[in-house]
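K.L.:
Okay, here's the prediction I keep looking at, along with the sequence it came from:
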Amino acid sequence: MDQRTTLTLKRKTPQEAPQQPKKKNKADVHAKKKQHRIDRIAQHWTLFSEPEAKPLMIGIKEAMIAEVKEKGLDIPESHIKQGLRSYISRKAYLKALTLGGNRFDMYGQPNGEITPEQQAIAEKKLADWNKN
């Protein structure tokens with residue numbers, strides 16, 4: 001005898017209902033993507049694997065791209081740009097800028113100073129961030 005599906009207007013109990021996959025929290029997904037981008041550049045440059053954020057030297061993107069070309073490293077320019085964007089858009093990075101002091105190259109060596117103007121800009125961005 002044929003087994004046909006019987007239509008009913010009754011709701012299924014939670015045990016009978018098919019389980020839908022839970023939606024991922026957008027903030028969690030975004031945070032994971034940012035960290036993944038930073039991890040990609042950390043494979044080549046030690047500064048980005050350190051636990052605390054450090055202010056980056058002016059012109060670090062160009063220096064990193066030049067080094068990739070010079071040494072033939074296997075990392076696309078777009079990954080460098082995305083990784084840097086993710087690194088500097090963190091709250092920890094803004095806090096590091098507000099403290100002043102040295103800027104660092106991709107190997108963690110001091111290279112330049114944070115100006116009072118740059119400190120003030122970072123403080124304003126951090127204050128705006130905390131408002132939201």
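P.N.:
Cool, the structure landed. Numbering: from 1, shown residues only.
K.L.:
wait, what's in contact with the closest residue to Gly108 other than its chain neighbours?
P.N.:
Excluding the flanking residues, the one nearest Gly108 by Cβ to Cβ, 6 or more residues apart in numbering is Leu47, at 4.6 Å. Any C-beta I mention is one placed from the backbone N, CA and C, and that applies to glycine too. Contact analysis of Leu47 by Cβ atoms under 8 Å, 6 or more residues apart in numbering lists Lys54, Leu56, Phe104, Asp105, Met106, Tyr107, Gly108.
K.L.:
Quick check on those residues: which are buried?
P.N.:
Restricting the contacts of Leu47 to buried positions leaves Lys54, Leu56, Phe104, Asp105, Met106, with burial counted as 16 or more other Cβ atoms under 10 Å.
K.L.:
surely the fourth one meets Asn111?
P.N.:
Think Asp105. Yes: if you go by Cβ atoms under 8 Å, Asp105 and Asn111 touch, sitting 4.4 Å apart.
K.L.:
Flag the shaky bits of this protein, pLDDT-wise.
P.N.:
Within the chain, the stretches with pLDDT under 70 are 1-2, 12-24, 132.
K.L.:
where does Arg103 fall, helix, sheet strand or coil?
P.N.:
strand (DSSP: H, G, I helix; E, B strand; the rest coil).
K.L.:
I misspoke; the intended subject was Ala122.
P.N.:
Following three-state DSSP, Ala122 is assigned to helix.
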